[in-house]
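**Student:** How does the following fold in three dimensions:
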Amino acid sequence: MLVAAAVCPAPPLLVPEVAAGAAAELGDARTACSDALAVLAASRPDLLVVVGAADHDHRGAYPQGARGGFRGFGVASDVQLGEGEEGPRLLPPALAVGAWLLGHARWGAAPVEGFGVEEPLDTARCLETGRELGARQDRVALLVMGDGSARRTLKAPGYLDERAAAFDEAAARALGAADVAALTAIDAGLAAELQAAGRAPWQVLAGAAEGAELEGRLLYEDAPYGVGYFVATWS
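**Tutor:** So this is what the prediction gives:
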């Protein structure tokens, strides 16, 4: 059963070594992520699963000990998902950022695993995946890595789309209120058009949280670089 969740943005720029001279610009986001992870630790789960968007080749489960890094972003910085033997596959970027956050937090002794969600996965399958993850142990926590729209400004990765701000406002409300129905109702087609990589992971969270009656809190909301970033806790 899901007992707690933290929602964090997934850009590699959260890692100071990747951001380099711009590291200070996401300082508030890092602080909020640290606060969110403290809520997960306080829930004392039997299992923590880091969930994030992935391409087709990186979808599916990652065992504790799986490794990743940011060499593709010009930084020789490696991360590991908890302690354990290195797995056969490298973590996708979203899960690598999650592993980095955990590595810089006071995390408990619960096992840590990862799950890559293919971005085009339809809503029904996302919900079912969440239910399956939530049923893994008596007390399950999720660290959900995902961004909002990437089309908030002219200089955003996807250029400006006038629908992006309203999409992100609705997502922030849903995440801050632990509103399972609102997350379920996110239009997958619109999310894809707005390049919102968090849609599928958020809907996995919605599936895991069905019936859990958790309360939400929004800790951070901003759109640096024209991309919607949110930090929220469910507990």
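**Student:** so who does Arg199 touch?
**Tutor:** Contact criterion CB atoms under 8 Å, 6 or more residues apart in numbering gives 119, 146, 186, 188, 191-192 as the residues in contact with Arg199. C-beta coordinates here come from the backbone N, C-alpha and C atoms, glycine included.
**Student:** Could you identify the buried members of the residues you listed?
**Tutor:** For the contacts of Arg199, a burial check counting by 16 or more other CB atoms under 10 Å picks out 119, 146, 186, 188, 191.
**Student:** Might you report the residue contacts of the last one?
**Tutor:** What it means is Ala191. The neighbours of Ala191, taking CB under 8 Å, 6+ apart as the test, are 149, 167, 199.
**Student:** could you redo the last one with a cut-off of 7 Å?
**Tutor:** For Ala191, the set of contacting residues under the criterion of CB atoms under 7 Å, 6 or more residues apart in numbering consists of Arg199.
**Student:** again, but for Leu143
**Tutor:** For Leu143, the residues meeting the contact criterion (CB under 7 Å, 6+ apart) are 6, 8, 40, 48, 50, 98.
**Student:** Contacts for the lowest-mean-pLDDT helix or strand in the chain, please.
**Tutor:** Within the chain, confidence by mean pLDDT, DSSP states H and E is lowest for helix 16-19 among all helices and strands, at a mean of 85. With CB under 7 Å, 6+ apart as the test, helix 16-19 has contacts from 12-13, 23, 26, 70, 73, 75, 77.
**Student:** try stretch 29-44
**Tutor:** Outside of stretch 29-44, the residues within contact range by CB under 7 Å, 6+ apart are 3-4, 6, 8-9, 14, 48, 101-102, 105-108, 139, 141, 143, 219-220, 229, 231, 233, 235.
**Student:** the helices in the chain, which residues?
**Tutor:** Remark: helices assigned in the chain by DSSP state H are 16-19, 27-42, 93-103, 123-134, 164-176, 180-184, 188-193, 199-209.
**Student:** How far does stretch 76-90 sit from its chain's centre?
**Tutor:** Distance of stretch 76-90 from its chain centroid, counting by CA atoms, centre = their mean, to the nearest Å, is 18 Å.
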